[in-house]
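# Predicted model follows, preceded by the sequence.
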Amino acid sequence: MEEEISYSTVVFSNGAPPPKEKKEDTAVYSKVKPKVPVATGPAGGEAAAHTHFCVLAVCLGIVCVLLVASVSAITYTSVVLNKQQAKLINLTAANQQLITERSTLERETEELSRVTDSLNRTLRVIMNFNTFPVNEYCPQKKCQPCQTGWILFQEQCYLFYNEKAPWMTWEESRKYCQNTAADLVVIETLQEQEFISNHTEFYYDHFHGYWLGLYESDGKNWNWIDGRNDTLGFWAKGMLGNHGRCGLMIPDRNLKANWDPADCVMANKFICESEGLIWSP
């Protein structure tokens with residue numbers, strides 16, 4: 001039971017008011033929170049899981065950022081590579097075009113060189129004449145490699161003199177050829193020997209033939225009129241007549257044995273040779 005407190009009445013003299021009751025000092029207490037221990041039960045596990053989830057979310061975010069950056073880098077690289085590849089294709093095409101143009105230019109240069117050589121040769125043939133026989137080379141205003149009556153073989157022109165007697169000596173035959181800007185024939189190959197043999201014909205007797213541009217220089221060596229030594233030696237077997245110092249081709253004999261060392265003053269037919277006026281480069 002609570003104790004009952006009784007207060008007595010106190011009378012003060014001198015008419016002074018009674019003294020006021022002195023209030024007791026009020027004690028002020030601060031609010032103190034008790035220390036709550038860390039939960040170790042189910043609530044603590046949820047907090048740990050929440051923490052792990054946050055960490056995982058952050059990691060995933062970083063990964064996503066890296067993936068986006070990687071995709072962006074790959075895309076940029078792909079674009080750059082495509083541009084570079086396009087440039088490379090263009091450069092390759094341009095290079096191929098240059099190669100083609102260079103090849104075309106080289107062919108045109110070669111063709112121009114051949115045409116120039118042909119023109120120079122034509123000019124050289126023309127310059128051999130004191131008076132160029134236009135009508136002989138260009139009948140009806142259409143030019144040809146050889147003069148009328150001459151035969152073309154391997155870009156050389158040949159005249160087989162087949163007129164009736166009187167015929168000519170070796171010296172006379174050569175002068176006749178030189179007056180046509182030519183000279184007595186010089187045989188250089190077996191093919192040329194065959195061509196000439198096929199265009200000669202038998203006449204008068206077996207001792208007559210066609211003068212060649214071949215002569216004996218020192219009693220033992222045979223030379224052509226262009227200064228070259230003879231290396232073919234298509235001489236006939238045995239002596240056909242008097243030994244002479246001028247070469248004569250006898251028709252209707254073996255292809256490789258139809259030359260005869262005849263007397264230079266003997267009258268025979270002959271063969272002239274000259275360069276063709278026009279030739280295929």
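Received, thanks.

# CA atoms for contacts and neighbours, from now on please.
Noted.

# what ranges do the strands span in the stretch 51-200 of the chain?
All strands of the stretch 51-200 of the chain, identified by DSSP state E, counting those that start in this stretch, fall at 151-153, 156-161, 183-184.

# What strands line up against the first one, and which way round?
Strand 151-153 has the following sheet partners, assigned by DSSP bridges: strand 156-161 (antiparallel).

# Average pLDDT for the partner strand, rounded please.
Computed over strand 156-161, the mean pLDDT rounds to 97.

# Contacts made by it with the rest, please.
Residues lying outside strand 156-161 but in contact with it, judged by Cα atoms under 8 Å, 6 or more residues apart in numbering, are 145-146, 149-152, 185, 199-200, 269-276.

# low-confidence ranges in the chain?
1-45, 241, 279-281 (pLDDT under 70).

# and it, what are its domains?
56-127, 134-275 (automatic domain parsing).

# how far does the longest one sit from the chain's center?
Just to be clear, that refers to domain 134-275. Its chain's C-alpha centre and that of domain 134-275 lie 47 Å apart, by Cα atoms, centre = their mean, to the nearest Å.

# again with the first one
On the basis of Cα atoms, centre = their mean, domain 56-127 is displaced by 16 Å from the centre of the chain it belongs to.

# and stretch 229-241, which residues are buried?
Within stretch 229-241, the residues that qualify as buried are 230, 234, 235, 236, counting by 16 or more other Cα atoms under 10 Å.

# quick one on the thing from earlier: for PyMOL, write a command that selects the buried ones of the contacts of strand 156-161.
In PyMOL, this line selects whichever of the contacts of strand 156-161 come out buried by 16+ other Cα under 10 Å:
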select buried, resi 145+146+150+151+152+185+200+269+270+271+272+273+274+275+276
